[in-house]
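In: My questions concern the predicted model and sequence given below.
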Amino acid sequence: MAINKIVGSAEEAVADVFDGAMILVGGFGTIASCPSRLLTALSERPEVRNLTLVSNPGGFGVEIWGEHDIEVLHRTGQARKHIVSAPTNPLIVNTVEKKYRAGEVEVEMVPQGTLAERVRAGRAGLGGVLTPTGVGIAEIQDGKPVVEMDGKKFLIEKAIKGDFAFIRAHKADRWGNLVFQGTSRTFNATMAGAARVTIAEVDEIVELGELHYEHIITPGVYVDRVVLRK
């Protein structure tokens, strides 16, 4: 049977997300770079709760042209924990901050580079990474092993491996090969393959062979489902 990873809708793509799942979400900090249709589809399944979210931003707290970012899962009360490097927005008090201050959601702060490396370690099957970032900072170091190498101290940061990864790409073929546009590559390419199931939301689906091999950033081996934005 020919490989075809295309599914008919965002709703179909997230239909097997289960209660308590860990979801890695791509995007750097804008709605344009995040898998907004997948997030919206999941937010419309209120029975799926107790989610652990992993992302670079915590969300902007606004809806733009009917598009949502990761914060929508906090507004619906579906998230239990958020592993994140930039949980709040300096311009507004977003839902993540409100719920954290109210004791309704757990937030694990992770430096941006450390977050990327922990996810990459998960994709590679490693147990974790060594990093000097956060040594001596109580909010980051607390409870983590510290090792010394060549006279320098490092934290042992555990790898992150999710149940699902939601990512946004520009183009895909039916094998799941992905091309990104501009800065949307960032954490979208990082999250791909670091979960049991990686779902790519794309602007365009092209025929096999149309994507130049030098332009493919994420090969199809890291992608399980492709859904066209409609």
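Out: Right, received. Where do you want to start?
In: Would you mind listing the buried residues in stretch 138-153?
Out: Residues of stretch 138-153 classed as buried: Ile140 (neighbour count, 16 or more other Cβ atoms under 10 Å). The C-beta positions use only the backbone N, C-alpha and C, and glycine is treated the same way.
In: which helices and strands sit right next to the top helix by length along the chain?
Out: Counting residues, the longest helix found in the chain (DSSP state H) is helix 112-124. For helix 112-124, the helices and strands in contact under the criterion 3 or more Cβ pairs under 8 Å, 6 or more residues apart in numbering; DSSP states H and E are strand 51-57, strand 79-86, strand 128-131, strand 152-158, helix 185-191.
In: Give me the spatial nearest neighbour of Gln181, chain neighbours excluded.
Out: His170 (3.8 Å; Cβ to Cβ, 6 or more residues apart in numbering).
In: helix/strand/coil for the one you found?
Out: strand (DSSP: H, G, I helix; E, B strand; the rest coil).
In: Quick one: the helices in the chain, in order.
Out: Using DSSP H, helices in the chain cover 10-13, 36-43, 72-75, 95-101, 112-124, 138-141, 185-191.
In: now these in CSV, with distance to Leu228?
Out: What follows is the helices of the chain, written out as CSV (distance: least, Cβ to Cβ, whole Å):
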stretch, distance to Leu228
helix 10-13, 9
helix 36-43, 9
helix 72-75, 20
helix 95-101, 29
helix 112-124, 25
helix 138-141, 40
helix 185-191, 16
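In: among these, which is nearest Phe28?
Out: Checking the helices of the chain against Phe28 by Cβ to Cβ gives helix 185-191 as the closest, at 4.2 Å.
In: what's the closest one packed up against?
Out: Right, helix 185-191 is packed against strand 51-57, helix 112-124, strand 162-172 by 3+ Cβ pairs under 8 Å, 6+ apart.
In: Residues contacting it, please?
Out: 24-28, 33, 35, 54-56, 116, 119-120, 162, 165-169, 178, 180, 198, 217-218 (Cβ atoms under 8 Å, 6 or more residues apart in numbering).
In: now do 6 Å
Out: Helix 185-191 is contacted from outside by 24, 26-28, 56, 116, 119, 165, 167-168, 217-218, using Cβ atoms under 6 Å, 6 or more residues apart in numbering.
In: Noted, bye for now.
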